[in-house]
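Student: got a predicted model here, sequence first, then my questions.
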Amino acid sequence: MRTLAAMIALLAACGDNLRAPIAIDDYAASVREAACGYFVRCGEAESIEACLALNLGPRAPFTASERAAVDAGKVIYSTAAAQRCIDAIASDACDISSESDRNLTEACALPLIGTLGANEICALDAECRSQSCDVPSCQLSCCAGHCAGDTAPQLPGQDQPCPDFVCAAGLSCDPPTQRCVPLLPAGASCASFFSCDYGLFCLGNRCRKLPALGEPCDGICRDRGARCNPTTHTCVPAGLLGAACALGAPEAGCSAIYFCDRTGHCSAGIALGQPCSLGDQCADAGAFCDIALDGSPGVCALPQPNGAPCTVDVGCQSVHCDPFMLQCTPQRICL
């Protein structure tokens, strides 16, 4: 007779197989919803609905050229990789020093797999199995290049160079030598935030545990939903929408998805149609501060369709503002 544990494991496996693949058109929304679920679980947002209404992250994870390459069969959109990213977000710990939180970026690399081998003609990195297309510099036209290498990129291992300051799991990039070294134990001298072992953080140039909610702190708390109160020096819940905050303080006290506004309260940003300046956050999803070329104050607005006047890419639904016509136009497709 099957044990209860074995039956549960079997049902879980069947559930994974029955999940509908995440379509490429649904990928951005799926990541956004998973992230909002994470923020709610970690105390950074009141609800998924409130989070989804906010102006968080890019609207389009893929360029028009990448989408065209998928349609042409030069690039494969991996539904398995897309699901791994969603699962990684869903299971990520709220502890910023945890292994899952440190490795989230790797788990959520773009789910695009190139099909072209070394020296084959390419226009995009995504087209190559190596994720590297050596293309000559040309700004006004699409130029062809050749794939550099034939194998999928791997994060550098121990003692290997880390020019991008990223290493495989269990390692960190040593700033002076720019080589991957083992994570450091508690009490060790450290030079970067993530050079310490999982569960530890580099603070005051020493690897140590971060304080949890309710514990004494001197700047950083362990959990996403906690902030170090500058008056009590204690980790307290992060401020959500409308909470009082310390405007201009290094640690304002607001949740990561809110900011401290001019009234000293945690805000989602400036409403549509209201005046804004360069660097201001507009509240609504996709909104941007529409500023004239002369730099005069603008207003928060939603991106416009092709043919509308523009000054910046984010002002267009296509995410492309023609720099000569100053008009929203479709993104150029290079294949």
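Tutor: Sure thing, it's come through. Residues are numbered from 1 along each chain as shown.

Student: burial measure for the nearest residue to Asp322 once chain neighbours are set aside, as a count.
Tutor: Leaving aside its sequence neighbours, Asp322 sits nearest to Thr329 (C-beta to C-beta, 6 or more residues apart in numbering; 4.6 Å). Placement of C-beta: from N, CA and C, glycine included. Neighbours of Thr329 under the rule other C-beta atoms under 10 Å: 16.

Student: need the pLDDT of Thr329.
Tutor: At Thr329, the pLDDT value in this model is 97.

Student: Pro305 is in contact with that one, correct?
Tutor: No. Counting by C-beta atoms under 8 Å, Thr329 stays clear of Pro305, with 10.4 Å between them.

Student: anything in contact with each of these two?
Tutor: By the contact definition C-beta atoms under 8 Å, 6 or more residues apart in numbering, Thr329 and Pro305 are jointly contacted by Cys316.

Student: quick one, phi psi at Arg206?
Tutor: As for Arg206, its main-chain torsions (degrees, to the nearest 10) stand at phi -130, psi 140.

Student: and it, what does it touch?
Tutor: Arg206 touches Gly187, Ala188, Ser189, Cys190, counting by C-beta under 8 Å, 6+ apart.

Student: poorly predicted segments of the stretch 51-200 of the chain, please.
Tutor: 58, 139-140 (pLDDT under 70).

Student: and if you look at the stretch 201-335 of the chain?
Tutor: 248-251.

Student: between the contacts of Arg206, which sits nearest Ala256?
Tutor: Cys190 (23.7 Å; C-beta to C-beta).

Student: leaving out chain neighbours, which residue sits closest to that closest one?
Tutor: Cys202 (3.8 Å).

Student: quick check: the gap between that neighbour and Val236.
Tutor: Distance from Cys202 to Val236, counting by C-beta to C-beta, to the nearest Å: 23 Å.

Student: can you give me the helices in the stretch 1-150 of the chain?
Tutor: For the stretch 1-150 of the chain, applying DSSP state H, counting those that start in this stretch gives helices covering 4-18, 27-41, 48-52, 64-71, 79-91, 99-102, 104-107.

Student: how is this structure divided into domains?
Tutor: In the domain annotation for the chain, the residue ranges read 21-115, 211-268 (automatic domain parsing).

Student: need those domains in CSV with distance to Ser132, can you?
Tutor: CSV is the format used below for the domains of the chain (distance: least, C-beta to C-beta, whole Å):
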stretch, distance to Ser132
domain 21-115, 9
domain 211-268, 33
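
Student: so which of those gets nearest Ser137?
Tutor: Taking C-beta to C-beta, domain 21-115 is the member of the domains of the chain nearest to Ser137, at 16.5 Å.
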